[in-house]
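Participant: With the input below, show me the fold.
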Amino acid sequence: MLGELRPLTEKIPAMLGFDEIVGSAPEFRTALAIAAKAARSRAPIFIEGEAGVGKEVVADAIHAASPRARQPFLKVNCGAISPNLIDSVLFGHEKDAFAGAFDRRVGILQQAEGGTVFLDEVDQLGLETQVRLVRLLTQNEIQPLGASHSYRIDVRLISACNCNLTDKLASGDFREDLYYRLNVVQLTIPPLRERTSDLPALARHFLGRMANQPGLRSLGITEEAL
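Facilitator: Here you go, the predicted structure:
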């Protein structure tokens with residue numbers, strides 16, 4: 001089944017605008033309203049919610065509705081990258097900065113100049129990386145590994161995590177100064193089990209999107225199936 005669905009999902013555009021995101025539950029609509037308003041600003045946005053609630057979909061919509069929409073939008077899953085490599089991925093490195101650094105690398109943050117970077121699972125970042133992000137958010141500067149000078153950059157951060165950061169803040173595993181700089185605008189996306197009234201609209205929305213693909217007929221769903 002998964003193998004059959006993958007080719008179809010690859011053909012459906014992933015990025016949706018706010019007007020295309022389905023859901024009428026009050027808490028969900030409140031979060032989207034805050035996101036739509038914040039999209040027009042330069043402020044960092046912090047999105048919290050369980051895995052699978054649609055944090056990346058909301059981040060896509062924020063970038064698409066922002067003045068930076070025509071600029072790069074790059075995404076990093078911080079939890080999927082080794083702690084030994086994350087600084088190089090985000091900030092870049094110079095040749096010979098560390099063992100195996102055979103060439104200079106431009107980091108994601110510099111590649112996204114003028115645009116937006118989405119940091120998913122930001123709670124997984126180590127303290128050294130967190131210090132570097134504080135510098136970015138306070139001075140608009142980054143320093144690649146092994147570089148003797150820093151670079152000024154203009155990039156907007158949208159970050160997200162699947163958990164409440166209270167415990168990590170209390171233990172010192174996540175810097176309080178970084179948290180408050182990332183969390184200028186906070187969004188909480190409720191899980192679907194708390195807004196089951198949206199299920200019929202979501203089912204019909206996805207069936208409609210699939211039916212628009214070449215060679216597929218119109219698709220529907222019965223009340224009994226719902």
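Participant: going forward, measure contacts and count neighbours with C-alpha atoms only.
Facilitator: Fine.
Participant: how about the strands of the protein, start to end?
Facilitator: For the chain, applying DSSP state E gives strands covering 45-48, 73-77, 92-93, 105-106, 116-120, 141-142, 151-152, 156-161, 185-188.
Participant: Select, out of the ones you listed, the one closest to residue 215.
Facilitator: strand 73-77 (31.7 Å; CA to CA).
Participant: which ones are touching residue 102?
Facilitator: Residue 102 makes contact with 95, 96 under the criterion CA atoms under 8 Å, 6 or more residues apart in numbering.
Participant: That one and residue 222, how far apart?
Facilitator: Distance, residue 102 to residue 222, by CA to CA, to the nearest Å: 59 Å.
Participant: Reformat the strands of the chain as a markdown table; add mean pLDDT and mean neighbour count.
Facilitator: Output for the strands of the chain, formatted as a markdown table (pLDDT from 0 to 100; neighbours: other CA atoms under 10 Å):
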| stretch | mean pLDDT | mean neighbour count |
| --- | --- | --- |
| strand 45-48 | 98 | 25 |
| strand 73-77 | 97 | 18 |
| strand 92-93 | 86 | 23 |
| strand 105-106 | 88 | 16 |
| strand 116-120 | 98 | 25 |
| strand 141-142 | 94 | 21 |
| strand 151-152 | 92 | 12 |
| strand 156-161 | 98 | 24 |
| strand 185-188 | 96 | 18 |
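Participant: and the residue nearest the centre of the chain, what are its bridge partners?
Facilitator: Nearest to the mean C-alpha position of the chain, by CA atoms, centre = their mean, lies residue 118 at 3.7 Å. Per DSSP bridges, the residues bridged to residue 118 are residue 75, residue 158.
Participant: Ok, residue 92 next?
Facilitator: Beta-bridge partners of residue 92, as defined by DSSP bridges: residue 106.
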